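# pasting the sequence and the predicted model now:
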Amino acid sequence: MKILPVVRGAIGLLFLVLSSSNFLSCACLDATVGEPAETVSGQVVVNVTGLEQLSTSGEKKYVTVSYSGNLENSDSKFGETAFSVNRSYEIKAGSVHPNPSITRVALKYGTWTVRVQADSWSSQCSCKMDDKHSPRFVFTYPNSQGVCQ
């Protein structure tokens, strides 16, 4: 298929105009020249163990775990200040599928309180996160207090 000379010329002219105006290059950065780009934030891992106890008779059971976290205090400029996630799990023959664990990233540094809830059980724990420590929150059913590592 032949391209008409007029169309070919228009495409060439369009390319020339766009490239000379830096439209095709990455001249649209979200930073000010001379200032450092500070975009540091942290992450947490939340693990839940012992949920297999929710199915005492060995039958298959489905349970939803609600994970939530709130930043209590912080001096950090960047990152999220809260999260909330619901996950469903299958409990069968003494095991839980998939593994009841989540990771949250891009969180502000500071003191975090994390809470988990499944059926009528809930547990919470607080821990400090900074650039040297990304905490792991571990909750064990039926304990009402979690552990921060």
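Nice, I can see it. Computed from a prediction, not measured in an experiment: that's the story for all the values here.
# CA only for contacts and neighbour counts going forward, please
Noted.
# how about the spatially most central residue of the chain: which residues does it bridge to?
Nearest to the mean C-alpha position of the chain, by Cα atoms, centre = their mean, lies Arg104 at 3.2 Å. Going by DSSP bridges, Arg104 is paired in beta bridges with Val44.
# now for it: which residues touch it?
Counting by Cα atoms under 8 Å, 6 or more residues apart in numbering, Arg104 touches Gln43, Val44, Val45, Phe83.
# can you give me the strands in this protein?
Using DSSP state E, the strands found in the chain span residues 42-49, 61-73, 82-92, 95-97, 101-107, 110-118, 121-129, 136-140, 147-148.
# the last one pairs with which strands?
Each strand that strand 147-148 pairs with, and the sense of that pairing, follows from DSSP bridges: strand 136-140 (antiparallel).
# just give me the neighbour total for the nearest residue to Leu51 once chain neighbours are set aside.
Spatial nearest neighbour of Leu51, chain neighbours left out: Tyr141 (5.9 Å); criterion: Cα to Cα, 6 or more residues apart in numbering. For Tyr141, the neighbour count with other Cα atoms under 10 Å is 19.
# ok so, going back, buried ones from the contacts of Arg104, can you make that a ChimeraX selection?
This is the ChimeraX syntax for the buried subset of the contacts of Arg104, where burial follows 16 or more other Cα atoms under 10 Å:
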select :43,44,45
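# of the contacts of Arg104, just say which sits nearest to Thr64.
Phe83 (16.4 Å; Cα to Cα).
# picking up where we left off before, can I get the strands of the chain in JSON lines including distance to Ser55?
Listed next are these as JSON lines, based on distance: least, Cα to Cα, whole Å:
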{"stretch": "strand 42-49", "distance to Ser55": "13"}
{"stretch": "strand 61-73", "distance to Ser55": "6"}
{"stretch": "strand 82-92", "distance to Ser55": "7"}
{"stretch": "strand 95-97", "distance to Ser55": "10"}
{"stretch": "strand 101-107", "distance to Ser55": "19"}
{"stretch": "strand 110-118", "distance to Ser55": "12"}
{"stretch": "strand 121-129", "distance to Ser55": "14"}
{"stretch": "strand 136-140", "distance to Ser55": "15"}
{"stretch": "strand 147-148", "distance to Ser55": "24"}
